[in-house]
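[1] Have a look; sequence and predicted model below, questions after that.
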Amino acid sequence: MATVSHTQTYRRKSWGAVFFILPLLILVVIGFDIPIVTIFNYSISSADGYSLDNFYELVTTPVFAKVALNTLRITVMTTVIVAIAGYILAYWISTLPKTGRMIALALVVLPFWISVLVRTYAWIVVLGNAGIVNKTLQSLGLTAAPISFLYNDLGVTIGMANIQLPLLVLPLYAALIRVDQRHMQAAASLGASKRVIFWRVFFPQTLKAYLAGIMLVTIVSIGFYITPAILGGGRVPMMSNVIETYINTVPRWELASAIAVILLFVTLGLFAIYRRLENRTGDEL
Amino acid sequence: MSDIRLSKIRKDYGIFTAVADVDLHVVNGEFLTILGPSGSGKTTLLALIAGLSGPTGGQMHIGSQDVTYTPPQGRNIGLVFQSYALFPHMTVAENVAFPLEVRKWSRSKKDEAVGRVLQMMQLGALSSRKPSQLSGGQQQRVALARAIVFQPNILLLDEPLGALDKKLREELQVELKQLQRRLGITTLLVTHDQEEALSMGDRVMILNEGKVQQIATPEIAYLQPANRFVAEFLGTANIVSVSDGSSRKGILRPERLLLRTSAGTNKGVATVVSDLVYLGQTVRYYLSAADGTSFIAVRPFVGPKFALGSAVNVSWTEEDVWPID
Ligand SMILES: Nc1ncnc2c1ncn2[C@@H]1O[C@H](COP(=O)(O)OP(=O)(O)O)[C@@H](O)[C@H]1O
Ligand SMILES: [Mg+2]
């Protein structure tokens, strides 16, 4: 009997909650769901009713293939750099004493509070032809002419990697410090060398969090807009930059919508993998 | 198989001394239990012997080899952690095979050894499970299997049965003792349970605040404790005056006290039963004398009983008193 009355109280309470979240629901529907449906609608609309003509036109445009390749290349490069640098950084932080950890983590988190736009422009100051890096290289006599870091793959990748790094480092760090130090001691007492302990005992226990973090970086990279726009200077357009072109410059909203839909599905696919990995990460630790 | 020799081994953490100048010689094949309250330095001492932490003073030999600064990889010691420390991402068989893999044993030798140990520890059916799918007792067995599979010279066990319930613990105590005899391996077992220390060890070492209090056979430690701490840590101790004319005190174990109803005798100290507890096979009496002294006596459940509040005379033979301090 008690169970029944409990359920009823619970239900009454949850109806109360609906009242409070209703404004938010309306906002989400109007501001988010309706636009998405509209974009879908645009993407499959053509002169003679609904069809996949827009998608066909898109994939047969040579520019599209080039942009898709750009997006893939930049995403992979960014992800690889973040994956390698991120693990090393997170591992290094986890070996620091307490205060050191706090300072290092603060330095990793700090850029989160600075606008992506500002951080991206800062890279122009650093990497430009008259930037700090080139000036230093030249004054040291290492290079004669300035190296062009900007308006190419390199600049875009550096800028994006910088912005994505905390996305991997923070969850990875959390996973690294969760690994029981006694496992490493046990492995040492069982005769394992430092290298074997790392690869056979430590790393596998962090692998799932690592892969989940890498997926997250991939997902965010694939739809990146600001950094390729600024540091690529229009020479390394990615998918989201083309969306902008099709809206503001050309303008062909139905093609822009088709790209948006493609991006959405790719992202959803990656996100599904990410959720899988993340759920399994919890299990075995 | 090897003996272990510690001379003046110490471990300081800043101004705090966790292990203070321990001298110890464990002979080949011996089973030594290390007993002490929580924080007395038991784990620290095992970690020093295993090489997981370096001593801040003293020397350590295993066999004829000076291992004072040898890393754990070079010591060939099997260690079972208090928390088992099983690798969560490996199956039971993979955990047990790990020390053989790092020693680069051949596939066939490895499989054979793992199979044999798993069978010996009754883990054959569980070999493809992950540690998270095992009960506490099973995990304990896996940890033990992993620690002996590579035929170490020495086995170190840090409260291996501490996390298990009483019945299982008693079963495993017997198993562990039999296993140790069969392998003939020099073994150090840490525990904070005095019964476990006394029942399992050939000798028992009692630690307090990082200092050795006594190293002796269980009988000697129980009946002839080196000091009051040992006397009280190893069980209930009645403190009585030694009747040699000095002002020295001695200890008397509760089962050594003789109890008679006061009506039938005037020998011994007249007391009143202030409390009594039935412990199954025995009854524990709390007795108070008129001058404020109190005694604790343990009597078999069968035999004469004394009711709460009844007058009882307590006596003992002088040889049963062990002088301390
Ligand atoms: N790394 C350390 N730094 C400082 N103190 C420590 C450290 N490890 C252990 N200790 C201290 O040493 C003492 C003995 O610890 P331990 O050997 O774990 O005791 P036991 O195993 O007997 O319970 C404790 O007071 C503990 O706080
Ligand atoms: Mg301990």
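    Right, received. Where do you want to start? Model, not experiment: these values are computed from the prediction. Ligands and ions are numbered 1, 2, ... in the order given.
[2] care to break chain B down by domain?
    Chain B breaks down by the TED database into domains covering B:4-230, B:238-323.
[3] Show the model's pLDDT score for residue 102.
    If you meant another chain, say so; for now it's chain A. For A:Met102, the pLDDT comes out at 95.
[4] Wait, chain B was what I had in mind.
    B:Val102 carries a pLDDT value of 95.
[5] you'd agree it is up against A:Ser189?
    No - the pair B:Val102 / A:Ser189 is not scored as a contact, 11.0 Å apart, by Cβ atoms under 8 Å. Every residue, glycine included, has its C-beta placed from N, CA and C.
[6] more neighbours, these two?
    The neighbour comparison of B:Val102 against A:Ser189 (other Cβ atoms under 10 Å in any protein chain shown) goes to A:Ser189, with 28 against 19.
[7] show me what contacts the more buried one?
    Under the criterion of Cβ atoms under 8 Å, 6 or more residues apart in numbering or on different chains, the neighbours of A:Ser189 are B:Ala50, B:Gly51, B:Leu52, B:Pro72, B:Arg75, B:Ile77, B:Gly78, B:Leu79.
[8] Would you mind identifying the next helix or strand past the helix ranked longest in chain A?
    For chain A, the helix with the greatest residue count under DSSP state H is helix A:62-95. Note on helix A:62-95: by DSSP states H and E, the next helix or strand toward the C-terminus is helix A:98-109.
[9] Give me the buried positions along that following helix.
    Judged by neighbour count (16 or more other Cβ atoms under 10 Å in any protein chain shown), helix A:98-109 contains these buried residues: A:Arg101, A:Ala104, A:Leu105, A:Val108.
[10] For the next helix-or-strand element following it, buried residues please.
    Once the chain leaves helix A:98-109, the next helix or strand it forms, by DSSP H and E, is helix A:116-127. By 16+ other Cβ under 10 Å, the buried positions in helix A:116-127 come out as A:Val116, A:Arg119, A:Thr120, A:Trp123, A:Ile124, A:Leu127.
[11] would you turn these into TSV with distance to A:Ile147?
    Putting these into TSV (distance: Cβ to Cβ, whole Å) gives the following:
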residue	distance to A:Ile147
A:Val116	25
A:Arg119	21
A:Thr120	19
A:Trp123	14
A:Ile124	14
A:Leu127	9
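[12] B:Tyr222: which of these is nearest?
    Distances from B:Tyr222 to those, taken as Cβ to Cβ, are shortest for A:Arg119 (71.6 Å).
[13] list the contacts for the closest one?
    With Cβ under 8 Å, 6+ apart, A:Arg119 has these contacts: A:Pro111, A:Gly159, A:Asn162, A:Ile163.
[14] quick one: which helix or strand includes the third one?
    It refers to A:Asn162. Counting by DSSP H and E, the element that carries A:Asn162 is helix A:153-178.
[15] packing partners for that helix?
    The contact analysis (3 or more Cβ pairs under 8 Å, 6 or more residues apart in numbering or on different chains; DSSP states H and E) places helix A:153-178 against helix A:62-95, helix A:98-109, helix A:116-127, helix A:203-222, helix A:226-231.
[16] Of all the ones you listed, which one is nearest A:Phe271?
    When these are compared by Cβ to Cβ, helix A:203-222 sits nearest A:Phe271, at 6.1 Å.
[17] Taking helix A:153-178 as reference, get the angle to that closest one.
    For helix A:203-222 against helix A:153-178, the angle by axes from the mean of the first three to the mean of the last three Cα atoms, to 10 degrees is 140 degrees.
[18] what mean pLDDT does helix A:203-222 have?
    In this model, helix A:203-222 has a mean pLDDT of 93.
[19] Not counting stretch B:131-147 itself, show me its contacts.
    For stretch B:131-147, contacts defined as Cβ under 8 Å, 6+ apart pick out A:190, A:283-284, B:78-81, B:84-88, B:90, B:92, B:95-96, B:98-99, B:117-118, B:120-123, B:126, B:155, B:157, B:160-161, B:163-164, B:168, B:172, B:176, B:179.
[20] filter these down to the ones close to ligand 1.
    Near ligand 1, judged by Cβ under 6 Å from any ligand atom, there are no entries from those.
[21] Report the buried members of these.
    Neighbour-count burial within the contacts of stretch B:131-147 applies to A:190, B:78-81, B:84-88, B:90, B:92, B:95-96, B:98-99, B:117-118, B:120-121, B:123, B:126, B:155, B:157, B:160-161, B:164, B:172, B:176, B:179; the criterion is 16+ other Cβ under 10 Å.
[22] related to what we said a few turns ago, most neighbours out of the contacts of A:Arg119, which is it?
    Each of the contacts of A:Arg119 was scored for neighbours by other Cβ under 10 Å, and A:Gly159 scores highest at 29 neighbours.
[23] quick one: that residue from A:Asn152, how far?
    11 Å (Cβ to Cβ, to the nearest Å).
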